[in-house]
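1. everything below, folded, please.
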Amino acid sequence: MLEIKNIKVELDAEAGLVRAIDGMRLSLQRGETFALVGESGCGKSMTALALMRLLPENGAIASGDILVDQEDVLALPESQMRAIRGGKIGMIFQEPSTSLNPVMKIGDQIVEAIEAHTPLRGEAARAKALDWLRKVGIPEPERRIDDYPFRMSGGQKQRVMIAMTLAGEPDYIIADEPTTALDVTIQAQVLDLLKQLQAEHGLGLMLITHDLAVVSGMAHRVALMYAGQIIEVATAEEFFSAPKHPYAKALLRALPDAARRGQALAAIPGTVPPLTLQFEGCRFEPRCYCAEPACKTTLPELYTLAGTRTVRCLRYAPGHDAKATEAVINLVPADQAVQRPSEAGAADEKVLLQVDKLRVRFPIRKGILQRVGGYFDAVDGISFQVQSGRTLALVGESGCGKTTTGKAIVQLLRRQATFEGRALLRGQNLFELEGDALQKARRDIQIIFQDPFASLNPRMRVFEILEEGLQALQPDVDAASRRTRLERLADQVGLRREALDRYPHEFSGGQRQRIAIARALAVEPKLIVCDEPTSALDVSVQAQILNLLRELQGQLGVSYLFITHNIGVVEYIADEVAVMRAGRIVEQGSCDDVLSRPQDAYTRKLIASVPRLVTSDL
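-> Have a look, this model is predicted:
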């Protein structure tokens with residue numbers, strides 16, 4: 001058994017002492033999958049690092065015990081701890097691109113793990129590495145064993161990471177968001193692989209993730225974290241059929257799907273509190289829909305309900321009426337109807353963007369002089385249309401051409417690629433526009449990039465970021481009017497006005513995405529290309545952003561070209577769907593038709609790979 005007993009982890013930061021983990025207790029059995037879930041910043045990854053004794057330099061385990069098969073790893077010297085890492089506990093890191101050595105062949109990296117933790121050496125170790133590559137499904141392992149990581153796709157690098165972790169023959173594996181950045185088909189393959197290897201080797205698996213659908217299909221037990229504490233532990237069946245904590249209840253109601261289409265998701269207001277605070281009461285109280293006065297001043301314990309099920313909520317303290325508690329917890333705010341665009345003028349019937357036989361070709365350069373030796377068709381003759389006030393979702397695996405299509409339409413690839421076909425925005429071919437005509441067209445079409453942190457200038461304040469587009473595309477608007485408009489826009493996207501004078505790094509991921517949305521809306525466009533705007537966000541933040549996009553569409557009649565591989569988001573927000581594969585659209589139609597009655601084999605495979613969350617009526 002792997003046990004954590006009352007662990008407290010502290011980080012010495014500029015803002016003060018951060019209590020990243022505060023009194024955690026949990027255990028993991030051999031052969032069991034234990035899921036650790038929660039929002040970003042709640043302490044999930046810090047738990048994994050503490051288990052491996054890989055905390056950053058400013059971090060320390062202040063108290064508690066970590067036992068691996070009854071051995072206290074905190075008492076071991078570093079020389080003995082190296083045998084625990086990889087030999088007893090293996091770790092699959094969140095981002096394989098940064099955890100694999102870019103200047104070592106993948107075979108050498110796996111051999112290194114084998115020689116460190118098993119008796120095998122030399123050719124025997126290489127043969128074992130080859131065997132592991134074969135087990136994890138790497139094609140042509142005899143050839144790929146001498147490849148470098150950059151030659152492999154994201155899914156293949158994650159498989160190599162799994163092979164390297166298992167090569168040390170550990171008893172327990174910590175998988176930190178192992179499928180977050182993967183497409184649904186690759187995600188399904190990786191999860192099936194983990195299940196198979198776990199069954200074969202009797203591994204204990206700690207799965208750290210915020211994807212609740214993955215958890216429902218993988219985990220035996222679930223622990224929900226919030227602000228550095230465990231707030232609910234239950235079997236997966238209990239957790240998803242009858243969650244007890246108000247946070248768990250609200251979290252499950254925030255998930256987008258077809259059933260909640262046309263309604264606002266039950267987004268959780270606010271954000272996780274900073275862990276530099278000295279808490280006097282319940283940490284979730286400021287965001288809780290059923291808080292009572294005592295929650296502000298009384299620290300809740302982890303109360304045991306039945307068996308091993310525990311909940312950190314004062315309403316479950318001894319002496320409370322169980323039926324009354326259940327009635328209050330079930331009062332999670334009801335979904336509200338979403339305002340649709342006005343029917344005046346039959347706006348929904350007008351075609352705003354018409355794409356005809358679009359081909360985007362990138363030159364392939366060779367030799368010292370980098371002469372063009374051929375072309376690669378990233379987008380190969382696709383056609384679709386987006387109507388006013390409606391949403392077209394463009395779905396498919398990574399590399400199929402979704403983002404290239406979006407960037408080509410917004411005219412961001414003019415110097416890198418050549419184009420064929422037409423993209424008509426209100427009758428004007430965007431590929432033929434130059435100078436003032438192109439600048440005028442840019443007012444009508446904007447883009448929200450996937451990573452708001454990378455797309456916002458870190459040296460500019462939020463007001464300057466939002467004002468930049470107005471100055472470039474609407475120079476006739478004076479300074480006073482710009483300030484008024486941007487303050488109104490901040491209100492519209494749910495940002496405080498004082499946020500306009502702060503820098504991007506001072507915001508959470510969800511708030512930065514709101515800034516990116518505000519920047520796109522500043523010039524009052526008719527069409528916004530949304531490139532995976534919620535892929536890196538937590539469930540509750542994702543719900544806030546989706547609600548915001550639906551509200552803005554209802555108020556302003558703006559259209560969206562929504563690029564994503566999250567089918568749940570597509571079911572919730574899209575009116576029409578186009579499925580891309582290898583640069584071509586293989587199927588398109590209304591959301592209900594494509595997702596409920598897919599005709600193309602690839603579409604059926606894509607939908608079948610999506611993990612589904614089965615819950616009671618929450």
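2. only C-alpha atoms for contact and neighbour calcs from this point on.
-> Fine.
3. give me the pLDDT value at residue 589.
-> pLDDT for residue 589: 94.
4. which stretches of the stretch 251-400 of the chain form strands?
-> 303-306, 309-311, 351-366, 371-387, 391-395 (DSSP state E, counting those that start in this stretch).
5. just the residues contacting the second one, thanks.
-> Outside of strand 309-311, the residues that reach it under the criterion Cα atoms under 8 Å, 6 or more residues apart in numbering are 231-235, 244-245, 302-305.
6. pLDDT weak spots in the stretch 251-400 of the chain?
-> For the stretch 251-400 of the chain, the stretches flagged by pLDDT under 70 are 333-349.
7. what comes up buried for whichever strand or helix holds residue 7?
-> Assessed by DSSP states H and E, residue 7 sits inside strand 2-13. Across strand 2-13, burial judged by 16 or more other Cα atoms under 10 Å covers 2-4, 7-11.
8. elements contacting the very next helix or strand once past that strand?
-> Using DSSP H and E, the helix or strand that follows strand 2-13 in sequence is strand 16-28. For strand 16-28, the packing partners by 3 or more Cα pairs under 8 Å, 6 or more residues apart in numbering; DSSP states H and E come out as strand 2-13, helix 44-51, strand 204-209, strand 229-235.
9. which one of those lies nearest to residue 255?
-> Using Cα to Cα as the measure, strand 204-209 is the one of these that comes nearest residue 255, at 14.7 Å.
10. describe which strands that closest one pairs with in its sheet and in which direction.
-> The pairing partners recorded for strand 204-209 under DSSP bridges are strand 33-37 (parallel), strand 172-176 (parallel).
11. I'd like the average pLDDT over the strand holding residue 7.
-> 90.
12. same check on stretch 108-117?
-> Stretch 108-117 comes out at a mean pLDDT of 93.
13. got the CA coordinates for that stretch in PDB?
-> Only the C-alpha atoms of stretch 108-117 are listed here, as PDB (Å, rounded to 0.1, in the frame of the first residue of the first chain):
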ATOM      1  CA  ASP A 108      18.600   5.200 -24.800                       C
ATOM      2  CA  GLN A 109      16.200   6.900 -22.400                       C
ATOM      3  CA  ILE A 110      14.200   3.700 -21.800                       C
ATOM      4  CA  VAL A 111      17.500   1.700 -21.500                       C
ATOM      5  CA  GLU A 112      18.600   4.200 -18.900                       C
ATOM      6  CA  ALA A 113      15.500   3.500 -16.800                       C
ATOM      7  CA  ILE A 114      15.900  -0.300 -17.200                       C
ATOM      8  CA  GLU A 115      19.600  -0.300 -16.100                       C
ATOM      9  CA  ALA A 116      18.800   2.000 -13.100                       C
ATOM     10  CA  HIS A 117      16.100  -0.200 -11.700                       C
END
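14. chain center to that stretch: distance?
-> On the basis of Cα atoms, centre = their mean, to the nearest Å, stretch 108-117 sits 31 Å off its chain's mean C-alpha point.
15. next one: stretch 481-489
-> 31 Å.
16. coming back round to it: mind putting the buried residues of strand 2-13 into a markdown table with distance to residue 350?
-> What follows is those, written out as a markdown table (distance: Cα to Cα, whole Å):
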| residue | distance to residue 350 |
| --- | --- |
| 2 | 61 |
| 3 | 61 |
| 4 | 60 |
| 7 | 60 |
| 8 | 59 |
| 9 | 57 |
| 10 | 57 |
| 11 | 56 |
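17. show me where the chain dips below the pLDDT cut-off.
-> For the chain, the ranges with pLDDT under 70 are 180-182, 333-349, 508-509, 536, 614-618.
18. reformat the helices and strands packed on strand 16-28 as CSV; add distance to residue 388.
-> As requested, the helices and strands packed on strand 16-28 are arranged in CSV below (distance: least, Cα to Cα, whole Å):
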stretch, distance to residue 388
strand 2-13, 49
helix 44-51, 42
strand 204-209, 37
strand 229-235, 45
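19. out of those, the one nearest residue 134 is which?
-> Using Cα to Cα, the helices and strands packed on strand 16-28 put strand 204-209 closest to residue 134, at 21.3 Å.
20. who's in contact with that closest one?
-> 28-38, 44-45, 171-178, 180, 198, 215, 219.
21. report the residue ranges of every domain in the chain.
-> As assigned by automatic domain parsing, the chain contains the domains 30-36+78-247, 249-329, 388-418+430-608.
22. partners of the strand holding residue 7, with directions?
-> strand 16-28 (antiparallel), strand 59-68 (antiparallel).
23. what's the angle between the shortest one and helix 44-51?
-> Computed by axes from the mean of the first three to the mean of the last three Cα atoms, to 10 degrees, the angle separating strand 59-68 from helix 44-51 equals 70 degrees.
24. residues in contact with whichever helix or strand comes after strand 59-68?
-> Downstream of strand 59-68, the next assigned helix or strand under DSSP H and E is strand 71-72. Contacts to strand 71-72, defined as Cα under 8 Å, 6+ apart, come from residues 65-66.
25. please pull up the helix or strand immediately following strand 71-72.
-> Following strand 71-72 toward the C-terminus (DSSP H and E): helix 78-87.
26. helices or strands up against that following helix?
-> Helix 78-87 packs on helix 106-117, going by 3+ Cα pairs under 8 Å, 6+ apart.
27. off-centre distance for the helix it packs on?
-> The answer for helix 106-117 is 31 Å, by Cα atoms, centre = their mean.
28. list the buried residues of that helix.
-> Buried-residue list, helix 106-117, by 16+ other Cα under 10 Å: 106-117.
29. let me know the angle separating that helix from helix 78-87.
-> 130 degrees.
30. packing partners for helix 106-117?
-> Under the contact rule (3+ Cα pairs under 8 Å, 6+ apart), helix 106-117 is packed against helix 78-87, helix 122-135, helix 154-167.
31. pick the most deeply packed of the ones you listed.
-> With neighbours taken as mean count of other Cα atoms under 10 Å, the helices and strands packed on helix 106-117 reach their highest mean count in helix 154-167, at a mean of 25.
32. quick revisit: rebuild the strands paired with strand 204-209 as CSV, extending it with mean neighbour count.
-> As requested, those are exported to CSV (neighbours: other Cα atoms under 10 Å):
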stretch, mean neighbour count
strand 33-37, 25
strand 172-176, 25
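33. now the ones you listed in TSV, with distance to residue 514?
-> Output for those, formatted as TSV (distance: least, Cα to Cα, whole Å):
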stretch	distance to residue 514
strand 33-37	24
strand 172-176	27
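34. quick one: closest of those to residue 54.
-> Taking those one by one with Cα to Cα, strand 172-176 is closest: 12.9 Å.
35. got the contact list for the closest residue to residue 246 other than its chain neighbours?
-> Once flanking residues are discounted, residue 246 sits nearest to residue 329: 5.8 Å by Cα to Cα, 6 or more residues apart in numbering. By Cα under 8 Å, 6+ apart, the contact list for residue 329 reads 244-246, 249, 290.
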